[in-house]
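J.: Please find the sequence and the predicted model below.
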Amino acid sequence: MKKILSLLLVALLVLSFSTVAFADNAAYIRGKVDVPFTFDNDGKVILKQGDSAVKAVNIDGDGSYLLAGIPAGDYDLVVSVPGYTEFKVTDINVAAGDDIEIYYNTVIAGDVDNSGVIDINDVAEAVVQLGNNVTTENIGSDVDHNKDVNIGDISVVLAAENYGQEAFAISFMNNGWSNTY
């Protein structure tokens, strides 16, 4: 009986040390997203390998996010907020134990149709939704996230400030950053 208990204790110790060693090798990606004109941030940060989503987290109220426990590999990161152009970070090479900070995430208000560019189609869609409360179908029309679609969504955000803006991406490489448009 003592031998069994001793073997069990040794196995538990080995398992606990391997768990600690594994935890030390976990990689993290953290950052902060600037979401102008929003009162409630319902965006997500999605980590992808190719076309497959590996992890996704909600963006906190202050715009911060943390992706934890990432295995080594090459990834792309997508910041997605309804009614805003997506922000993409490509070519992130993650090694065991990395703690990567990405703080260049700014999404641009007004991409109602999620086409990657703020254009007349976005203005037209917002006009169609004018005066409506926000539903899951028209959430992108409420670019200032005040729970209804009003003239502020159309004139201030779409037509006057961000019209013509395109989705933005940055490429991340081990030796630094490079812009990708």
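T.: Perfect, I can see it now.
J.: now the strands: where do they sit in this protein?
T.: Here the chain has its strands, by DSSP state E, at 27-34, 44-49, 52-58, 64-70, 73-80, 87-94, 99-106, 168-173, 176-180.
J.: Compare these and give me the one nearest residue 138.
T.: strand 73-80 (16.8 Å; Cβ to Cβ). For every residue, glycine as well, the C-beta is placed using N, CA and C.
J.: I'd like the mean pLDDT over that closest one, please.
T.: Here strand 73-80 scores 92 as its mean pLDDT.
J.: ok, and for that strand, which residues are buried?
T.: 75, 76, 77, 78, 79, 80 (16 or more other Cβ atoms under 10 Å).
J.: doesn't residue 126 make contact with residue 163?
T.: No: Residue 163 is not in contact with residue 126 according to Cβ atoms under 8 Å; the separation is 11.5 Å.
J.: Comparing these two, which shows the higher neighbour count?
T.: residue 126 (27 against 15; other Cβ atoms under 10 Å).
J.: what about residue 51, neighbour count?
T.: Residue 51, neighbours per other Cβ under 10 Å, totals 6.
J.: do the same with residue 151
T.: 11.
J.: Over to residue 166?
T.: 14.
J.: Then residue 33?
T.: 25.
J.: Just list the residues touching it, thanks.
T.: 41, 43, 45, 59, 63-65, 79, 81, 87, 105-107 (Cβ atoms under 8 Å, 6 or more residues apart in numbering).
J.: just the buried members of those residues?
T.: So, by 16+ other Cβ under 10 Å, the buried ones in these are 41, 43, 45, 59, 63, 65, 79, 81, 87, 105, 106, 107.
J.: so the third one touches residue 67, yeah?
T.: Read it as residue 45. Yes: if you go by Cβ under 8 Å, residue 45 and residue 67 touch, sitting 6.6 Å apart.
J.: so what's in contact with these two at the same time?
T.: By Cβ under 8 Å, 6+ apart, the residues touching both residue 45 and residue 67 are 57, 77.
J.: so what's residue 65 closest to, chain neighbours aside?
T.: Nearest residue to residue 65, sequence neighbours excluded (Cβ to Cβ, 6 or more residues apart in numbering): residue 45, at 4.5 Å.
J.: show me the contacts for that neighbour.
T.: 31, 33, 56, 57, 59, 65, 67, 77, 78, 79, 80 are the contacts of residue 45 under Cβ under 8 Å, 6+ apart.
J.: give me that answer again for 6 Å
T.: By Cβ atoms under 6 Å, 6 or more residues apart in numbering, the residues touching residue 45 are 57, 65, 79.
J.: Would you mind measuring from the last one to residue 130?
T.: As for residue 79, its distance to residue 130 is 27 Å (criterion: Cβ to Cβ, to the nearest Å).
J.: Could you report the neighbour count for residue 61?
T.: 9.
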